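Asker: below: sequence and its predicted model.
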Amino acid sequence: MSNETFGARLRRVMDERGPLCVGIDPHQHLLDQWGLPDTADGLASFTYAVVDALADRVGVFKPQSAFFERFGSAGIAVLEQATRRLRDAGAVVIMDAKRGDIGTTMAGYAAAYLAEKGPLASDALTVSPYLGFGSLQPAIDEARVSGSGLFVLALTSNPEGPQFQSAVTVAGPTVAGAVLDGLRELNADAEGLGSFGAVVGATISSTDEDLDINGPLLAPGLGAQGGTAEGLEAVFGAAVRNVVPSSSREILGAGPDAAGLQAAADRANDAYRTVLGY
Ligand SMILES: O=C(O)c1cc(=O)[nH]c(=O)n1[C@@H]1O[C@H](COP(=O)(O)O)[C@@H](O)[C@H]1O
């Protein structure tokens, strides 16, 4: 078992390197833009260029599994190696695979992504609560054992999200509210930042939900989807200090030169530092 919880590790790294989370989303159009072939070799060149340029400069990374799965086992091998290299460089890796299934199957995902010796061992995993918050229990249990964390979808950045997330549950709160309640309970005994986070899109403009969950709030949707650093305070209010601002295409579009990637990451980190009160 790791001595440092995910929440503590995340807070430390964000304090040391800035709050920016760089999403590694190797879209086909970005491979084209970088002059790389749309193959597993192109994927590897793209991904390792990002790792080489930013692994010891940026605190948090969020590889998007979908763009690696696209190339089958060769793509997953790149994802494995990139995750290992980022963590070896002291960065925190949030694996964006948005897993969610019945409890016993969830245990399989937890073994793959959260267990200390799992093949894709990451600091945290994005998960989907739509089979019921309780279905996540095996992942919660594994996270507590291995010192890793979870980010549970709550108020996502896409326009279709509210169709389900704003619906009212039998017990009273909205679906998003029930997710946030569940996370608040999981983080209740945490000293400092808890390890169980919510995904709240930077694009949602504002919310009546209580975002004070004593845990991290992953905020994708910045840059390419229209969210801005200046808009974060309106969305997150008093919880803004716990925001992990995540941006993928906006940063990756500044490649392939290492200097371009580094300048884009530094610029974003400076903007988020100011807004989030670092
Ligand atoms: O869980 C996520 O990271 C996520 C949740 C959400 O509500 N919206 C969202 O865009 N994401 C992910 O964040 C990334 C956004 O990428 P960019 O729009 O290029 O910055 C993608 O990998 C999405 O899958």
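Answerer: On my side now, so go ahead. Residues are numbered from 1 along each chain as shown.
Asker: only C-alpha atoms for contact and neighbour calcs from this point on.
Answerer: Noted.
Asker: how about residues contacting the helix or strand of the chain with the lowest mean pLDDT?
Answerer: The weakest-scoring helix or strand in the chain, judged by mean pLDDT, DSSP states H and E, is helix 232-236 (a mean of 95). Residues outside helix 232-236 that contact it (CA atoms under 8 Å, 6 or more residues apart in numbering): Ala202, Ile204, Ser205, Ser206, Thr207, Leu211, Val240, Val243, Val275, Leu276.
Asker: and for the last one, the neighbour number?
Answerer: This points to Leu276. 20 (other CA atoms under 10 Å).
Asker: ok, now which ones touch it?
Answerer: Applying CA under 8 Å, 6+ apart, the residues near Leu276 are Glu233, Val240, Arg241, Val243.
Asker: repeat that for the fifth one.
Answerer: The contact partners of Thr207, taken as CA under 8 Å, 6+ apart, are Val235.
Asker: check the offset of the least confident helix or strand of the chain from the chain's centre.
Answerer: Taking CA atoms, centre = their mean, to the nearest Å, one finds helix 232-236 lying 18 Å from the centre of the chain it belongs to.
Asker: what residues of it count as buried?
Answerer: Leu232, Glu233, Val235, Phe236 (16 or more other CA atoms under 10 Å).
Asker: contact residues of the chain facing the ligand?
Answerer: Listed as neighbours of the ligand in the chain under the rule CA under 6 Å from any ligand atom: 25, 64, 96, 126, 156-158, 201, 220-222, 224-225, 247-249.
Asker: just flag the most distant two among these.
Answerer: Maximum pairwise distance among the residues of the chain next to the ligand (CA to CA): 20.1 Å, between Thr126 and Ala224.
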